[in-house]
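*Asks:* okay, sequence plus prediction incoming.
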Amino acid sequence: MKKINIFVLISLAMLFVLNVSCLGPAVAAAADPFTAEYEALDKKFKEKLRTINSRDAYMALLKERNKDLETLLNKMKGASLKDPQVLLQGKIFFDLRKFSQALEKFDALIKKNSPVMNEAKFDKVKVLLANNKTKEAIPLFEEIENKVKKDESYYQVIFQIAYSAEAVSKRQAYSQKFIAVVGDNEKYIKYKAMMIENLATIEKEKGNLKKAIEILDKGVKQITHPGAKSSLEDALNQLKIINSPAPEIRAETWFNSKPLTLAKLKGKAIIIDFWATWCGPCRQVMPILEESYKKYKDKGLVVIGFTRIQGGYSDDKVNKGKVSKEEELKLTKGFCDRFKITYPIAIADGRDVFKTYGVSGIPTMVMIDKKGIVKEIEVGAGPPDQLKNKIKELMK
């Protein structure tokens, strides 16, 4: 699955706003001071969210909102609360990521067959999804799907299930459902494109590469939003590369190696790992690639970590913000040394190679056989054993 970067997460938060924009008629009807204060906090949060353009600013805003929500919870302590207010408490606990307390509130309302029981079940679905319990969430959601409001929160649940369901049939069905329910609404066009790409990924995983290409080709023709269309075009280009000769790579800076070209590496099995220092999943993959490189390099494996100049620098330890190219290269070299990376690292000044390989999510690992043919493209960290097995297969 493609990993979503912080700017997409912020955009998703602005679009779906999790619980904050969806109090439900039962809560809104209460018209009590607690609900009024929660709605005021919601409004303030959404207004500030529209101005956010960095991860640090987003985290600072969440900290501010959480402090306000804790204050509201303290005001509710000791009060005689009606069911809609108990539901509100659960929503606040969810916003604060205090999932066990949120479940306690929702389960109590469900157990007593409260008038807000369906809303409580729906909110419980969101807690389950947040805890990666999609298998439990799906039957509960399907039980009350026709009884809840079809709003942003509803769309978000479908979106999450489409990505996280274990069963391929469910991922496929919910991707199709999301596309159907949002229709041509421009507000959701970027997320519709993501679901089209998800459907193509599912077909690719099933071995239906031709069908996957058809899905993306159709999506490119249907989607008019420039950013969404470009993302689908990248995904389409990526699929078209599979089973074809690997396009050449070029980079201005190399660590751990002299400059390499694929032409000079014919006869070698090659993994090109597109990555960045700020990418958490990339950092998960790198030790596996290093281990595999040491294991197979004498048998003809070459691993190339391919990144680019970002114009700034951050990793798991520091966030330097904007830096010069020279400083970024120095910091990146230090990062590779700290992670004890010995395989070649290529750093390009521009995005050309990323574009050629259709890379829009990282890590993206391109696996090239000894004949120079792209055999597989893996996006995302995934289970370590899965990557190890694919590398083992490449070496056959």
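*Replies:* Looks like it arrived, so ask away. Numbering: from 1, shown residues only.
*Asks:* what number of residues lie near G321?
*Replies:* Each residue near G321 was counted by other CB atoms under 10 Å, and the total is 11. Bear in mind the C-beta positions are built from the backbone N, C-alpha and C, glycine included.
*Asks:* using the three-state scheme, assign it.
*Replies:* Following DSSP: H, G, I helix; E, B strand; the rest coil, G321 is assigned to strand.
*Asks:* so the spatially closest residue to I270 that is not a sequence neighbour bridges to which residues?
*Replies:* Once its chain neighbours are removed from consideration, I270 has its nearest residue in I368; the separation is 4.2 Å (CB to CB, 6 or more residues apart in numbering). According to DSSP bridges, I270, V374 are recorded as the beta-bridge partners of I368.
*Asks:* mind checking pLDDT for I368?
*Replies:* At I368, the pLDDT value in this model is 97.
*Asks:* check the spacing between M395 and V366 real quick.
*Replies:* Summarising the geometry, the distance separating M395 from V366, computed by CB to CB, to the nearest Å, is 15 Å.
*Asks:* likewise for I215?
*Replies:* Counting by CB to CB - I215 and V366 are separated by 21 Å.
*Asks:* just to revisit the earlier point, compare M395 and V366 (neighbour count), which wins?
*Replies:* Shown here are M395 and V366; by other CB under 10 Å, V366 has more neighbours (25 against 15).
*Asks:* quick one, phi psi at that one?
*Replies:* In terms of degrees, to the nearest 10, the main-chain angles of V366 are phi -100, psi 120.
*Asks:* ok, for it, nearest residue in space, not its chain neighbours?
*Replies:* Computed as CB to CB, 6+ apart, the closest residue to V366 that is not its neighbour in sequence is I272, at 4.3 Å.
*Asks:* secondary structure element for the one you found?
*Replies:* Using DSSP states H and E, I272 sits within strand 269-274.
*Asks:* next helix or strand past that strand?
*Replies:* Under the assignment DSSP H and E, the closest C-terminal helix or strand after strand 269-274 is helix 280-296.
*Asks:* helix/strand/coil for the residue nearest to T224 when sequence neighbours are not counted?
*Replies:* Nearest non-adjacent residue to T224, counting by CB to CB, 6+ apart: I189, 8.0 Å away. With three-state DSSP as the basis, I189 sits in helix.
*Asks:* need the pLDDT of the most far-flung residue of the chain relative to its centre.
*Replies:* In the chain, S80 marks the outermost C-alpha relative to the chain mean, sitting 40.7 Å out by CA atoms, centre = their mean. As predicted, S80 sits at a pLDDT of 90.
*Asks:* before we move on, what about K330?
*Replies:* Note on K330: pLDDT of 97.
*Asks:* output the strand or helix carrying it as PDB, nothing but the C-alphas.
*Replies:* In this structure, K330 sits in helix 325-338 according to DSSP H and E. What follows is helix 325-338 as a C-alpha-only set of coordinates in PDB (Å, rounded to 0.1, in the frame of the first residue of the first chain):
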ATOM      1  CA  LYS A 325      22.500  21.500  -0.900                       C
ATOM      2  CA  GLU A 326      25.900  21.000   0.600                       C
ATOM      3  CA  GLU A 327      24.500  20.800   4.200                       C
ATOM      4  CA  GLU A 328      21.800  18.400   3.000                       C
ATOM      5  CA  LEU A 329      24.300  16.100   1.400                       C
ATOM      6  CA  LYS A 330      26.500  16.200   4.600                       C
ATOM      7  CA  LEU A 331      23.500  15.300   6.800                       C
ATOM      8  CA  THR A 332      22.300  12.600   4.400                       C
ATOM      9  CA  LYS A 333      25.800  11.000   4.500                       C
ATOM     10  CA  GLY A 334      25.700  11.100   8.300                       C
ATOM     11  CA  PHE A 335      22.300   9.500   8.300                       C
ATOM     12  CA  CYS A 336      23.600   6.600   6.100                       C
ATOM     13  CA  ASP A 337      26.600   6.200   8.300                       C
ATOM     14  CA  ARG A 338      24.500   6.100  11.400                       C
END
